[in-house]
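For reference, the sequence and a predicted model appear below.
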Amino acid sequence: MITDTIVAQCTPQGSGALALLRISGPDAITIASICARLSSKKNLKNVSTHTIHHGWITNNNNEILDEVMFFVMHGPRTFTGETTVEITTHNNPFIVQNVLERILQCGARIAHNGEFTRQSVENGKRDLIQAEAINELIHANSQQVLQQSLKQMDGSFSNWIQELEKGLLKLISLCEASFEFLEEDIDFTPQIEAALITILSKIENLKKSFDIQQQLRQGIRIALVGSVNTGKSSLFNALIKKDRAIVTSIAGTTRDSIEAGMYSNGTYWTFIDTAGLRKTNNIVEKEGIERSFLEAKLADIVLLVWDGSRVMTTEEKAVYAEILTTYKEKTLLASNKFDAPQKKNSLFENAFFVSTQSGDGIEKLNVTIQEKAEKLFKQDSSPFLLNKRHYSLLVNCENELNIIINMLKSPEYELIAHHLRHALSSLIELTGKSVTEKVFNTIFNDFCIGK
Ligand SMILES: Nc1nc2c(ncn2[C@@H]2O[C@H](COP(=O)(O)OP(=O)(O)O)[C@@H](O)[C@H]2O)c(=O)[nH]1
Ligand SMILES: [Mg+2]
């Protein structure tokens, strides 16, 4: 039972045309009516539900704090399920602050992170998975994640889990029936085993998507790796089409990695320009190698850059070859400075020959990077978005089911039913039907205030 009436700014902080403040809870209208003056001279308490009203927010001396619009909605037909008043103010941080303080003075309290969504879960408007999907939706940085989270908000994943729950419940009742048919010697194990195998393979498929999803969530990382002065920074600028990295002919200008993010083809991309493998007295510096390897490891795509007009030293060859073999699948080779006279290099025979100076080959390289990225997204065949909480609950469920599979040779139905119940409770926790206060708090802490 929700007793508090809460308030927060739902739009991002900072200045802009408008800000939206939401008051939600049993006293939302009473509280708003204390500081609201409507141009229609009506009282907020008497207006019909789901109507919009022009007016002002006033302080306790009846002075105007801002000219606003009030959107009045009686529960439960609201986002939170609670009675809600949304106030659109002008978006100046001082105005927002004054209005917020006035609403607090009238009896609301400030909302915690994610508390509006939490109210909606407590009121049964959506389950936990759907609530989490809202957060995913807000932070989605690819069209694919956006589509998945929209479906998840609509209940696609919750329905999938409910189907599994039903399957497990059926098995539990089978086990219970077996106690009654003990004398009649009916063997339920084939039936139980078949059902378990189906459920396990469904979970297994979903889990496969988790790693790739985690990776893609941050967007696609493309690291430019290679020796100093091969033209990584120039290529970085050409690829992001901005003069972000500093290009000079003095080796080692790019001291640390520079990142640039951009949206392309519905995906978020991060290009990383690394400091590069630096040579001192013809020895490639250990530090540079380690950093390049680290960037390569973290990246989804490694763009290994070479200066085609130069002869590779034995040491460089060793480092390049090692990067190439360690990260074969995700590495693309770019041989730069194609405008200059070329030196033969066996490692880069099949590379993309580009010139950042003339622009040759850049577009083709760009297209190839895009294709490689698309392939990565295709690996995520799951219709659902998994977070760490989902993943670990699915693993719990899976473990219990595997225990049962191992017990089926000499089945003890009571013990099987016990493990089935454990498996079931992991699934139930996913949608939040049996979630403890502590779990609730950690989940909603990830949300921002005003959501
Ligand atoms: N001839 C030629 N020089 C280039 C090309 N791309 C970069 N350079 C030059 O190579 C030097 C090093 O470039 P930079 O991008 O800073 O290399 P980084 O150290 O790998 O980041 C600079 O003097 C660039 O002007 C190219 O396509 N052709
Ligand atoms: Mg550089």
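All right, it came through fine. Numbering: from 1, shown residues only. Ligands and ions are numbered 1, 2, ... in the order given.

Regarding residue 381, what is its secondary structure?
coil (DSSP: H, G, I helix; E, B strand; the rest coil).

Tell me the spacing between it and residue 148.
11 Å (C-beta to C-beta, to the nearest Å). C-beta: built from backbone N, CA, C; applies to glycine.

Equivalent analysis for residue 188, please.
With C-beta to C-beta as the criterion, residue 188 and residue 148 are 37 Å apart.

between these two, which one's more packed in?
residue 148 (25 against 17; other C-beta atoms under 10 Å).

Which residues are in contact with the residue lying closest to the more buried one once chain neighbours are set aside?
Closest residue to residue 148 apart from its sequence neighbours, by C-beta to C-beta, 6 or more residues apart in numbering: residue 385 at 4.6 Å. Residue 385 makes contact with 133, 136, 145, 148, 149, 152, 157, 213, according to C-beta atoms under 8 Å, 6 or more residues apart in numbering.

Any figure for the gap between the fifth one and ligand 2?
Put plainly, it is residue 149. 37 Å (C-beta to the ion, to the nearest Å).

wouldn't that residue be in contact with residue 133 here?
Yes. Residue 149 is in contact with residue 133 according to C-beta atoms under 8 Å; the separation is 4.7 Å.

what's the neighbour count on the residue in the stretch 51-200 of the chain that ligand 1 sits nearest to?
For the stretch 51-200 of the chain and ligand 1, the shortest gap (C-beta to the nearest ligand atom) falls at residue 141, measuring 26.6 Å. Residue 141: 19 surrounding residues under other C-beta under 10 Å.

Same check on residue 328?
The number of residues near residue 328, taken as other C-beta under 10 Å, comes to 9.

Can you give the domain ranges for the protein?
Using automatic domain parsing, the domain ranges for the chain come out as 6-127, 131-213+387-432, 220-379.

okay, those domains in CSV with mean pLDDT next?
Listed next are the domains of the chain as CSV, based on pLDDT from 0 to 100:
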stretch, mean pLDDT
domain 6-127, 97
domain 131-213+387-432, 89
domain 220-379, 86
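
Same list, the ones you listed, but as TSV with distance to residue 441 please.
Formatted as TSV, those follow (distance: least, C-beta to C-beta, whole Å):
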stretch	distance to residue 441
domain 6-127	9
domain 131-213+387-432	13
domain 220-379	30
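
Of all those domains, which one is nearest residue 448?
Closest of these to residue 448 is domain 6-127, at 6.2 Å (criterion: C-beta to C-beta).

these two touch, right, residue 103 and residue 30?
No. Residue 103 lies out of contact with residue 30 (C-beta under 8 Å); the separation is 11.7 Å.

Those two: who's more crowded?
Per other C-beta under 10 Å, whichever of residue 103 and residue 30 has more neighbours is residue 103, with 27 against 17.

so the closest residue to the more buried one other than its chain neighbours is in which element?
Excluding the flanking residues, the one nearest residue 103 by C-beta to C-beta, 6+ apart is residue 7, at 4.9 Å. Assigned by DSSP states H and E, residue 7 falls within strand 6-9.

Closest residue of the stretch 101-250 of the chain to ligand 2?
Residue nearest to ligand 2 within the stretch 101-250 of the chain: residue 233 (3.3 Å; C-beta to the ion).

Which strand or helix spans that residue?
helix 232-240.

what's the offset of that helix from the middle of its chain?
28 Å (C-alpha atoms, centre = their mean, to the nearest Å).

Residue 435: what secondary structure?
From three-state DSSP, the assignment for residue 435 is coil.

Quick check: nearest residue in space to it, chain neighbours excluded?
residue 429 (5.9 Å).

And for residue 342?
residue 308 (5.0 Å).

can you tell me which residues contact that neighbour?
335, 336, 337, 338, 340, 342, 343, 345, 348, 351, 353.

any chance of these in CSV, plus neighbour count and secondary structure?
Shown next, in CSV, are the contacts of residue 308 (neighbours: other C-beta atoms under 10 Å; DSSP: H, G, I helix; E, B strand; the rest coil):
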residue, neighbour count, secondary structure
335, 26, strand
336, 31, strand
337, 22, coil
338, 19, coil
340, 13, coil
342, 14, coil
343, 13, coil
345, 18, coil
348, 23, helix
351, 20, coil
353, 17, strand
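
Most widely separated two among the residues you listed?
It's 340 and 351 that sit farthest apart of the contacts of residue 308, by C-beta to C-beta, at 15.1 Å.

what are the ranges of the helices in the stretch 101-250 of the chain?
All helices of the stretch 101-250 of the chain, identified by DSSP state H, counting those that start in this stretch, fall at 115-122, 128-139, 143-153, 156-180, 189-217, 232-240.

Could you provide the ones you listed in CSV, with additional columns for distance to residue 320?
Converted to CSV, these look like this (distance: least, C-beta to C-beta, whole Å):
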stretch, distance to residue 320
helix 115-122, 50
helix 128-139, 37
helix 143-153, 33
helix 156-180, 44
helix 189-217, 25
helix 232-240, 13
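
Distance to ligand 1 for the ones you listed - can I get that in CSV?
Output for the helices of the stretch 101-250 of the chain, formatted as CSV (distance: least, C-beta to the nearest ligand atom, whole Å):
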stretch, distance to ligand 1
helix 115-122, 45
helix 128-139, 32
helix 143-153, 32
helix 156-180, 44
helix 189-217, 26
helix 232-240, 3
